[in-house]
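Sharing a sequence plus its predicted fold:
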Amino acid sequence: MNIIAPKGTKDILGDEVYTWQKIEEGVARVCKLFSIEEIRTPIFEHTELFSRGVGEATDVVQKEMYTFVTKGEKSLTLKPEGTAGVVRAYLEHGLYVNKQPSKFYYVAPNFRYEQPQSGRYRQFHQFGVEYFGSASPACDAEVISVADMLIKNLGIKNTTLYLNTLGGSGCRKKYNEALVGYLRQSYDRLCPTCKSRFEKNPLRVLDCKEGACQPIIDKAPSTLDTLGPECRNHFEQLQEILTAMGIEFKINTKIVRGLDYYTRTVFEFVTDNIHGSIGGGGRYDGLVSLLGGAQTPAAGFAMGIERLCLALLSQNINIAEKPKCDIYIGAIGGKGFLESQKLVHGLRQKGLTAESDIISRSVKAQMKYADKLGAKYSVIIGDDEIVSGKVKIKNMSTSETGEIDINEIFGFIKSKDV
RNA sequence: GUGGGUAUGGCGCAGUUGGUUAGCGCAUCAGAUUGUGGCUCUGGGGGUCGUGGGUUCGAGUCCCAUUACCCACCCCA
């Protein structure tokens, strides 16, 4: 065996598949409660969509994109995040005429060329939600409440919602000036990476975990200090609504986010024992117009499916449900085999999960297999049964057996299945 | 890009100061008086010990190189 899965990718198998299925079901169920429509966009897009949308200066665009050139010499990129593609589709199909606000969700793979580690993959999957058309803090609150509900429905505990506001473009500019002014005084004491951040995107300095930078960061001006009255009002109302909804949060002025398109509200869901966050998002009022549409307020978030799985695992929460087989039809001899095939197929057509022997094994081996399948009932069909038209049906967990007509198998299983 | 750890049958591991045909548990398959599972017992199959060099009479075990994976920094989901 010499070909293995590429670095940063992984196969999802066994119980983990059932966990994923449950998460996906949970996503669909929650989104239905909010009337959020599913949207499925391509896995790759024109590179320009991301370089413009996500931001030329971000790490994601600068060094983490899977970009390739087609035979037609066009540059395409595997999507590194979900929002840009949804905005593109929203504009391309004029989805804004349907209704306002319009809400979309997706569960899709994303790709980033990074060093993999715990909870971080090169191909990872996100559940994301995007709202278009509402500038109200009620929209921010609703978006947050979607994420909150999913987390709570899955049973994940010890999760903290961190909330911050970056302000609108005006406040953000003012804040940048204030921050740059402040950081310049302490420039010499900043770590090397922060020095380069200072030049490119000063906001990022707040994200630094370097010990030496902490005292500087702690005393840095807060985004809250430079908020204009409208942005301040927006932020306060958002808090009011969340409180009314019973959703707890903590203000954390160091939450900055790595994608350039955020304005005003930003938030992250952080869970104990999980590196990074399990989800995050915010408002992005400038993105739709940046990508060529009319000025459109918007907000959204994304959660990492792998991180949700990690959280479930670390909290010993098992939501996986392995489907069980309703009945196993064993066979002896050629005639029995034919009859078993006829029966299994018939039962499947009627909607039962039925299994039979297709590798000609002994009855004993067949029963072992039935046991591994978790079959609820089993019958064996041989010459005697064909002659009499009756079979012994066995309850695999209690070992009770009863005799019934072959034609009554379906009715029998149905009568037990309530 | 930087640092640390690990690489032995499908999975999880043991392999003592280098020595005879490389073991164990789980899984898998087959049997245990011939048409019935879960427990137990017996047996079978499956590994060129990550790869390439080197030291040695002899290396899974020592040395060098290389690759992969894991973890952490960075950044994010």
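Received it, and whenever you're ready, just let me know what you need. Residues are numbered from 1 along each chain as shown, chains lettered A, B, ... in the order given.

Tell me which residues touch A:G55, please.
A:G55 makes contact with A:V61, A:L259, A:D260, A:Y261 under the criterion C-beta atoms under 8 Å, 6 or more residues apart in numbering. In short, each C-beta sits where N, CA and C put it, glycine included.

For it, which three-state class applies?
Under DSSP: H, G, I helix; E, B strand; the rest coil, the three-state class of A:G55 is coil.

residues contacting the nearest residue in space to A:T159 that is not next to it in sequence?
Nearest non-adjacent residue to A:T159, counting by C-beta to C-beta, 6 or more residues apart in numbering: A:T271, 4.7 Å away. The contact partners of A:T271, by C-beta under 8 Å, 6+ apart, come to A:I156, A:N158, A:T159, A:T160, A:S277, A:I278, A:R307, A:A311.

List of residues touching the host helix or strand of A:A244?
A:A244 is part of helix A:229-245 when elements are defined by DSSP states H and E. If you take C-beta under 8 Å, 6+ apart as the criterion, helix A:229-245 is touched by A:137-138, A:140-141, A:144-145, A:163, A:165, A:167-168, A:171, A:224, A:227, A:249, A:264-265.

next one: stretch A:348-363
A:323-332, A:337, A:340-341, A:343-344, A:347, A:366, A:369-370, A:373, A:375, A:380, A:410, A:413.

Now list the buried members of those residues.
Taking 16 or more other C-beta atoms under 10 Å as the criterion, what is buried in the contacts of stretch A:348-363 is A:325-332, A:337, A:340-341, A:343-344, A:347, A:366, A:369-370, A:373, A:375, A:380, A:410, A:413.

Give me the mean pLDDT for stretch A:90-101.
Mean per-residue pLDDT for stretch A:90-101: 94.

ugh, wrong one, stretch A:357-376
Across stretch A:357-376, the average pLDDT comes to 94.

And it, what's buried?
With burial defined by 16+ other C-beta under 10 Å, the residues of stretch A:357-376 counted as buried are A:D357, A:Q366, A:M367, A:Y369, A:A370, A:L373, A:A375, A:K376.

just how off-centre is that stretch within its chain?
In terms of C-alpha atoms, centre = their mean, to the nearest Å, the centre of stretch A:357-376 is set 37 Å apart from its chain centre.

does any part of that stretch sit near RNA strand B?
Yes. Using C-beta under 7 Å from any atom of the strand, stretch A:357-376 comes into contact with RNA strand B via A:R361, A:S362, A:V363, A:K364, A:A365, A:M367, A:K368, A:Y369, A:A370, A:D371, A:K372.

got it, and stretch A:269-285?
Yes. Judged by C-beta under 7 Å from any atom of the strand, stretch A:269-285 comes into contact with RNA strand B at A:H275, A:G276, A:S277, A:I278, A:G279, A:G280.
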